[in-house]
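Asks: This is a predicted model, with the sequence first.
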Amino acid sequence: MAKAKRGQRKVDGWKSKQWYNIVTPDMMGQQEIGETFSNEPEQLLGRVIEVTLGDLTNDMSKYNVKLVLKIDQIGGDSAYTKFIGHELTRDYLRSLIKRQTSMITANLDVMTKDGYKFRVKPTCFTVKRARSSQIKAIRQYMTSIVQRRARESDFNTFVQDAVLGKLSAQIYRDVKSLYPLRRVEILKSHVLSEPSVKEAAA
């Protein structure tokens, strides 16, 4: 009899859970990307979700971009997310590294014009191995471009530029005059902080 009662409690606990549709942020079209369940909606807040850009766009060439989202709002049977970062898959990064070439990376903390602080990792891959003076010049150029782009962009625009390749394309155009480049990628981004309520209202 005791075993039957414990089993009944497990079934009752499962039945009490509710399913919620996971929804992407506005900038990503508020697409439903899956489901999750909880017996208390508040327990979902802060849960981190990973999805590839290829899953959202049905573009096979974008499956190497992994988006990191966090549930920050519950409405009805939907769990709404916000963007907290992205990174390229390890397999794709390994495919970009070639012998007798240079991989030039910068780790930058930047702020958008609406007060969001980001950590961004832009990277240039050269056609052949660069000298130390050339690497230094490329890194300085790359840093200047990313910082300026952040200052001129709001949160949504900067995220889209970093994730969809527009920022990489600008770095490529501006830096290739210094040294031949094979490719430019934003390897990773991460939201460090959001503007306070006072800053947002200003």
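Replies: Nice, thanks for sending it over.

Asks: Which strands or helices does the strand or helix carrying Y20 pack on?
Replies: Y20 belongs to strand 18-23 when assigned by DSSP states H and E. Counting contacts by 3 or more C-beta pairs under 8 Å, 6 or more residues apart in numbering; DSSP states H and E, strand 18-23 is packed against strand 32-38, strand 78-88. Every residue, glycine included, has its C-beta placed from N, CA and C.

Asks: and after the longest one, which helix or strand comes next?
Replies: Scanning forward in sequence from strand 78-88 by DSSP H and E, the next helix or strand is helix 90-96.

Asks: Extract the C-alpha set from that next one and format it as CSV.
Replies: Extracted C-alpha coordinates of helix 90-96, given in CSV (Å, rounded to 0.1, in the frame of the first residue of the first chain):
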residue,chain,number,x,y,z
ARG,A,90,34.3,24.7,-31.7
ASP,A,91,34.3,22.6,-34.9
TYR,A,92,33.8,25.6,-37.0
LEU,A,93,36.6,27.5,-35.2
ARG,A,94,39.0,24.6,-35.7
SER,A,95,38.2,24.7,-39.4
LEU,A,96,39.3,28.3,-39.6
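
Asks: just to revisit the earlier point, now render the helices and strands packed on strand 18-23 as TSV, adding mean pLDDT.
Replies: Below are the helices and strands packed on strand 18-23 laid out as TSV (pLDDT from 0 to 100):
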stretch	mean pLDDT
strand 32-38	92
strand 78-88	98
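
Asks: per-domain residue ranges of this protein.
Replies: Listed by automatic domain parsing, the domain ranges of the chain are 2-88, 97-201.

Asks: tell me the mean pLDDT over the helix or strand hosting K66?
Replies: In the assignment (DSSP H and E), K66 maps to strand 65-75. Mean pLDDT, strand 65-75: 97.

Asks: Name the residue closest to the centre of this structure, please.
Replies: With distances taken as C-alpha atoms, centre = their mean, H86 lies nearest the centre of the chain, 2.1 Å away.

Asks: from the chain's centre, how far out does the host helix or strand of F125 sit?
Replies: In this assignment (DSSP H and E), F125 forms part of strand 117-126. Counting by C-alpha atoms, centre = their mean, to the nearest Å, strand 117-126 is centred 12 Å from the centre of its parent chain.

Asks: Who does it pair with, and is each partner parallel or antiparallel?
Replies: Strand 117-126 pairs in its sheet with strand 103-105 (antiparallel), strand 108-111 (antiparallel), strand 181-193 (antiparallel), by DSSP bridges.
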